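*Asks:* Turn this into a structure:
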Amino acid sequence: MRGALLDRDGVLLLLDEESLYKKALELSTHGAGLEKALAVLAQAMGEILQAVRALKVRTLAEEARFFATLTQKAAKELRLPPERLQGLRYYHFMRKAPGAEALLQHLKAQGLKVGVLSNTLPSLKESLVYHGLDGYIDGFFASCAMGVAKPDPKAFLLALNGLGLSPEETLYLDDDPENVETAQKLGLRAAVYVPHQSVVDS
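*Replies:* Numbering: from 1, shown residues only. All right, here's what the predicted structure looks like:
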């Protein structure tokens, strides 16, 4: 084995519902109420998911414009000045998965190249920088930036090419069985990964 390719969501990062609730609670004190604040944040997260699925935000510049529009809309609904929401990103409401850093340390200790392949906005690297995991990672492959999403085989092949690896020499971990199945068909040593489990021996 010369390398490992990992999913981000469900493997390295998880949704932090407590953080999302705390932000809604903070915003609710300005007059909109907690129920409204939660609904607006949930709607924003939904719009982010739709943008990812449609692959319509292709660059960091486009992503910045997308979030500017999103925060202006949310601020209007919450009756807040836009600057109250400025700078917020979806990954502020995520947290490191249990064992994520230990997993990355384990892979790097074996001398493997490590890449992250995720169906997400172009700010994949920025999300992992924010959570202090970027130092273990050699390649960042976001579906929106590539223009193709898992489980399309092209997404895997683009990531492998970016890392200079062949399927047969690469471990792949993902929490989605459909993505794992595609990776296996391409020849990767792929497995469904649950964060509290330890990485398989390489």
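
*Asks:* pLDDT score for the residue of the chain positioned farthest from its centre?
*Replies:* Most distant residue from the mean C-alpha position of the chain: G31, 32.0 Å away (Cα atoms, centre = their mean). Here, the pLDDT recorded for G31 equals 70.

*Asks:* So A191: helix, strand or coil?
*Replies:* strand (DSSP: H, G, I helix; E, B strand; the rest coil).

*Asks:* Sorry, wrong one. I was asking about V116.
*Replies:* Applying three-state DSSP: V116 is strand.

*Asks:* quick thing: my sequence starts at 730, can you match it?
*Replies:* Got it, the first residue is 730 from now on, which makes the last one we talked about V845.

*Asks:* Who is it paired with across the strands?
*Replies:* L735, F869 (DSSP bridges).

*Asks:* number of nearby residues for it?
*Replies:* V845 is flanked by 28 other residues according to other Cβ atoms under 10 Å. Just so you know, the C-beta spots here come from the backbone N, C-alpha and C atoms, and that holds for glycine as well.

*Asks:* Then the one 5 residues further on?
*Replies:* By other Cβ under 10 Å, 27 other residues sit near L850.

*Asks:* follow-up on the earlier one: thinking the residue farthest from the centre of the chain is in contact with R808, fair?
*Replies:* Yes. Counting by Cβ atoms under 8 Å, G760 touches R808, with 5.7 Å between them.

*Asks:* Can you name the residues that contact the residue farthest from the centre of the chain?
*Replies:* R808 (Cβ atoms under 8 Å, 6 or more residues apart in numbering).

*Asks:* looking at the protein, which helix or strand does the model trust least?
*Replies:* helix 746-756 (a mean of 89; mean pLDDT, DSSP states H and E).

*Asks:* could you point out which element follows that one?
*Replies:* helix 763-783 (DSSP states H and E).

*Asks:* Helix 746-756 and that next one, what's the angle between them?
*Replies:* For helix 763-783 against helix 746-756, the angle by axes from the mean of the first three to the mean of the last three Cα atoms, to 10 degrees is 130 degrees.

*Asks:* which other helices and strands contact helix 763-783?
*Replies:* Helices and strands touching helix 763-783, by 3 or more Cβ pairs under 8 Å, 6 or more residues apart in numbering; DSSP states H and E, are helix 746-756, helix 789-807, helix 872-875.

*Asks:* And for the least confident helix or strand of the chain, what's in contact with it?
*Replies:* In contact with helix 746-756 (Cβ under 8 Å, 6+ apart) are residues 763, 766-767, 769-770, 774, 807, 809, 813, 817, 821-824.

*Asks:* Restricting to C-alpha, output it in PDB.
*Replies:* Coordinates of each C-alpha in helix 746-756 appear next as PDB, following Å, rounded to 0.1, in the frame of the first residue of the first chain:
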ATOM      1  CA  GLU A 746     -25.700  19.700  16.400                       C
ATOM      2  CA  GLU A 747     -24.800  21.300  19.700                       C
ATOM      3  CA  SER A 748     -22.800  24.100  18.000                       C
ATOM      4  CA  LEU A 749     -25.700  24.700  15.500                       C
ATOM      5  CA  TYR A 750     -28.100  24.900  18.400                       C
ATOM      6  CA  LYS A 751     -25.900  27.400  20.300                       C
ATOM      7  CA  LYS A 752     -25.700  29.600  17.300                       C
ATOM      8  CA  ALA A 753     -29.400  29.500  16.800                       C
ATOM      9  CA  LEU A 754     -29.800  30.400  20.500                       C
ATOM     10  CA  GLU A 755     -27.400  33.300  20.200                       C
ATOM     11  CA  LEU A 756     -29.300  34.600  17.100                       C
END
